[in-house]
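**Student:** Task: produce atomic coordinates for the following.
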Amino acid sequence: MRIFARVFLFPRRASPEESRRLLAAANPGSMVQAVRAGLARNERLVELLAAQTLQAGSSGGLLANKQEIDFLLRLAGTTQISRAIRDAGARKGEQFALVVAGENAVRLPTGLDAKELRTRKLSDAELKKIERAALLNAKRA
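**Tutor:** Next up, the predicted model:
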């Protein structure tokens, strides 16, 4: 399965809900999730976490009923939805990032005031985060 993922950073004045709706409409069938900007600093990290989520979805192993929540759980490193929303969820009036991931190339619709997050080499801390996220399925069982 080839995964395409991109992360877009939005300013405080942007609406997470409206921006998410526009990105979802431009990328039908893709997962679109708003997250706190500080948690998404490397597009490669987000791409690998999204790949874990999409693979879990195709094999029936999601941590939650929805892919978006599964991704948020993996990003926050927890199996508790309320904690993931509190720690990783976007908040109105704060800078946020939108993660778009799926099996098709990601499109940014015109009119959105967003910057694409850069991809860089994964740090040791990011590699540990990916490993912890993969182990959440075992922790939940």
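**Student:** quick one: contacts for G93?
**Tutor:** Residues near G93 by CB atoms under 8 Å, 6 or more residues apart in numbering: R12. The way it works is simple: take the backbone N, C-alpha and C, and place the C-beta from them, glycine included.
**Student:** Oh, that last question was meant for E47, not what I typed.
**Tutor:** I3, A5, A101, T119.
**Student:** can you map out the helices along this protein?
**Tutor:** 16-26, 43-59, 67-76, 81-88, 124-140 (DSSP state H).
**Student:** of all the ones you listed, which gets the most neighbours per residue?
**Tutor:** Among the helices of the chain, ranked by average contacts under mean count of other CB atoms under 10 Å, first place goes to helix 67-76 (a mean of 24).
**Student:** could you dump the helices of the chain to JSON lines with mean pLDDT and distance to K115?
**Tutor:** Putting the helices of the chain into JSON lines (pLDDT from 0 to 100; distance: least, CB to CB, whole Å) gives the following:
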{"stretch": "helix 16-26", "mean pLDDT": "94", "distance to K115": "13"}
{"stretch": "helix 43-59", "mean pLDDT": "93", "distance to K115": "11"}
{"stretch": "helix 67-76", "mean pLDDT": "96", "distance to K115": "19"}
{"stretch": "helix 81-88", "mean pLDDT": "95", "distance to K115": "20"}
{"stretch": "helix 124-140", "mean pLDDT": "88", "distance to K115": "20"}
